[in-house]
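> Next one to model:
(chains A, B, C and D)
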2 protein chains.
Amino acid sequence: MSPYHHGDLRRAVLTAALDVIATDGPAALSLRDLARRAGVSHAAPAHHFRDRTGLLTAIAAEGFGLLAAATTEAVDLKDAGVRYVRFAREHPAHFQVMFTPGLLRTDDLELTTARALAGDALRTAVSQARPDADGPDARLTGIAAWSVAHGFATLLLSHNLDEVVGDRPPEDVFEALTGLLFRPA
Amino acid sequence: MSPYHHGDLRRAVLTAALDVIATDGPAALSLRDLARRAGVSHAAPAHHFRDRTGLLTAIAAEGFGLLAAATTEAVDLKDAGVRYVRFAREHPAHFQVMFTPGLLRTDDLELTTARALAGDALRTAVSQARPDADGPDARLTGIAAWSVAHGFATLLLSHNLDEVVGDRPPEDVFEALTGLLFRPA
DNA sequence: CGCACAACTTGACACTGACAAGATTGCCCG
DNA sequence: CGGGCAATCTTGTCAGTGTCAAGTTGTGCG
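Here you go, the predicted structure:
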């Protein structure tokens, strides 16, 4: 079961890639550099991921799995949003890659199933919050909630909220923000 | 004033770059390819943009300028949001680059001033909507509105709303969405 | 007219992703 | 227990890229 030479090269390359992406973005990623970090030859990673796109696709699929797991445990819609933001903060590399389709093999089976799983978790949270409105209204509510959480998370990771958030936990700011949103203007 | 050989190589490279980014993302961008498209030697673009980062920084700065111009004309906060979404849809390459700091020279003067200008336009729209609440509450309102619009725009460009939006103008969907958001739950 | 400067070219180097072919190692099955 | 077999990894190579240095060409200005 366990590979022989390195122990688990696949995992090693993945974590090294996540490290690079989290600090310098996906553009700074180099397969040869990852190979060097793992102490293997330059072509070894290709055997596990096929190519650069394959590696990023694997990361995205893993990310959607983690996101689905986190979201499923939410007690209500606001909690789901908080968990979404927390996921983005704790797994910035996954998050960034997940929503950059230009880097991915979008028809990959593992990726599409993981993404569907995460989508189900979100829809469940929405239907719990508004059991009355099924149909198009519920779908719009889902997009609204998703947009708020996703926008906040994205702006957070792109360092556009640094001054406003300060040293507070971003999830607290987000929670305050949602309370503001669902009040009448 | 006008360059001699090409006419206006700077603009030609910029528009070619925007074209590539809009269809295949910033990762697919190659300075040598842009030079070929413009019919110049491989090192010609460097003279105008210094390097790859410089080109992307110039695109981001231009994008913030365009966004500021569009947002300034908004009549109220909802309109500002609609314009934000429309900007993302009409200038997807700019938008994508603007919010990927890993690709940019973040301390570039043109970039920071253009970004500040766009920020002012947003804050003005927020203060028009809520002239009573100045202070931290207004800042939170600004982030909330920004998050909704930015999240919707980002999900739209990453093709996560394709089925829901269908062939309707995305701005209409966004407008319906905001109406839903500012009602009490 | 000629001169300084901006715009562009040519050439080179290190690095990268991808592919092909060979070597090594652990595992399975007879 | 041992021999083949497949997975894992290596070595070598090729085209393409970004970037730098140095040379060329055209242009406007004094």
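> show me where chain A has helices.
Using DSSP state H, the helices of chain A run over A:9-24, A:31-38, A:44-49, A:52-72, A:77-90, A:92-98, A:109-129, A:136-157, A:162-165, A:170-181.
> Please see if the longest one touches chain B.
This points to helix A:136-157. Yes - residues of helix A:136-157 contacting chain B under Cβ under 8 Å from any Cβ of the partner chain: A:137, A:139-141, A:143-144, A:146-152, A:154-155. Every residue, glycine included, has its C-beta placed from N, CA and C.
> Next up, the contacts around the residue nearest the centre of chain A.
With distances taken as Cα atoms, centre = their mean, A:Phe95 lies nearest the centre of chain A, 2.9 Å away. A:Phe95 sits next to A:63, A:87-88, A:153, A:157 when contact means Cβ atoms under 8 Å, 6 or more residues apart in numbering or on different chains.
> For those, pick the one with the most neighbours.
Neighbour tally across those (other Cβ atoms under 10 Å in any protein chain shown): the maximum, 27 neighbours, falls on A:Ala153.
> Surely that residue touches A:Tyr84?
Yes - using Cβ atoms under 8 Å, A:Ala153 makes contact with A:Tyr84 at a distance of 6.4 Å.
> Tell me where chain A is predicted with low confidence.
A:1-5, A:131-135, A:183-185 (pLDDT under 70).
> Tell me how it divides into domains.
When chain A is parsed into structural domains using automatic domain parsing, the resulting residue ranges are A:1-49, A:51-181.
> How about the first one and chain B, any contact?
Yes - remark: domain A:1-49 sits within contact range of chain B at A:24-28, by Cβ under 8 Å from any Cβ.
> Show me what stretch A:55-73 is in contact with.
Applying Cβ under 8 Å, 6+ apart, the external contacts of stretch A:55-73 come out as A:13-14, A:17-18, A:21, A:26, A:29, A:31, A:45, A:49, A:80, A:83-84, A:86-87, A:91, A:93-95, A:97-98, A:103-105, A:108, A:110-111, A:114-115, A:117-118, A:120-122, A:124-125.
> Buried subset of those as a ChimeraX selection?
Buried subset of the contacts of stretch A:55-73, written as a ChimeraX selection, criterion 16 or more other Cβ atoms under 10 Å in any protein chain shown:
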select /A:13,14,17,18,21,26,29,31,45,49,80,83,84,86,87,91,93,94,95,97,98,103,104,105,108,111,114,115,117,118,121,122,125
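> contacts with DNA strand C among the contacts of stretch A:55-73, please.
With Cβ under 7 Å from any atom of the strand as the criterion, the contacts of stretch A:55-73 include A:29, A:31 near DNA strand C.
> what about A:Arg32, neighbour count?
Neighbours around A:Arg32, by other Cβ under 10 Å: 11.
> A:Ala28 now?
Per other Cβ under 10 Å, the neighbour tally for A:Ala28 reads 12.
> How far off centre is stretch A:110-126?
Put simply, stretch A:110-126 sits 12 Å off its chain's centre (Cα atoms, centre = their mean, to the nearest Å).
> Now that stretch - C-alpha only, PDB.
Only the C-alpha atoms of stretch A:110-126 are listed here, as PDB (Å, rounded to 0.1, in the frame of the first residue of the first chain):
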ATOM      1  CA  GLU A 110     -12.900  13.700  -8.400                       C
ATOM      2  CA  LEU A 111     -13.200  17.500  -8.700                       C
ATOM      3  CA  THR A 112     -16.800  17.600  -9.900                       C
ATOM      4  CA  THR A 113     -18.100  15.100  -7.300                       C
ATOM      5  CA  ALA A 114     -16.300  17.000  -4.500                       C
ATOM      6  CA  ARG A 115     -17.800  20.300  -5.700                       C
ATOM      7  CA  ALA A 116     -21.300  18.800  -5.900                       C
ATOM      8  CA  LEU A 117     -20.900  17.600  -2.300                       C
ATOM      9  CA  ALA A 118     -20.000  21.100  -1.100                       C
ATOM     10  CA  GLY A 119     -22.900  22.500  -3.100                       C
ATOM     11  CA  ASP A 120     -25.300  20.100  -1.400                       C
ATOM     12  CA  ALA A 121     -24.000  21.200   2.000                       C
ATOM     13  CA  LEU A 122     -24.700  24.800   1.200                       C
ATOM     14  CA  ARG A 123     -28.200  24.100  -0.200                       C
ATOM     15  CA  THR A 124     -29.000  22.200   3.000                       C
ATOM     16  CA  ALA A 125     -28.000  25.100   5.200                       C
ATOM     17  CA  VAL A 126     -30.200  27.500   3.100                       C
END
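> Return the members of the residues of helix A:136-157 next to chain B classed as buried.
Buried members of these, counted by 16+ other Cβ under 10 Å: A:140-141, A:143-144, A:146-152, A:154-155.
> what sits against A:Arg32?
Listed by Cβ under 8 Å, 6+ apart, the contact partners of A:Arg32 are A:His42.
> brain fart, A:Val148
Contacts of A:Val148 (Cβ under 8 Å, 6+ apart): A:81, A:177-178, A:181, B:144, B:147-148, B:151, B:181.
> Could you let me know which of these ends up closest to DNA strand D?
In terms of Cβ to the nearest atom of the strand, no member of the contacts of A:Val148 lies closer to DNA strand D than B:Gly151, at 30.7 Å.
> That closest one and A:Ala144 touch, don't they?
No - contact status for B:Gly151 versus A:Ala144: not in contact, 9.2 Å apart, counting by Cβ under 8 Å.
> how many other residues sit next to A:Val75?
By other Cβ under 10 Å, the residues close to A:Val75 number 10.
> Tell me how far it lies from B:Leu111.
42 Å (Cβ to Cβ, to the nearest Å).
> How about A:Ala60?
Taking Cβ to Cβ as the measure, A:Ala60 falls 29 Å from B:Leu111.
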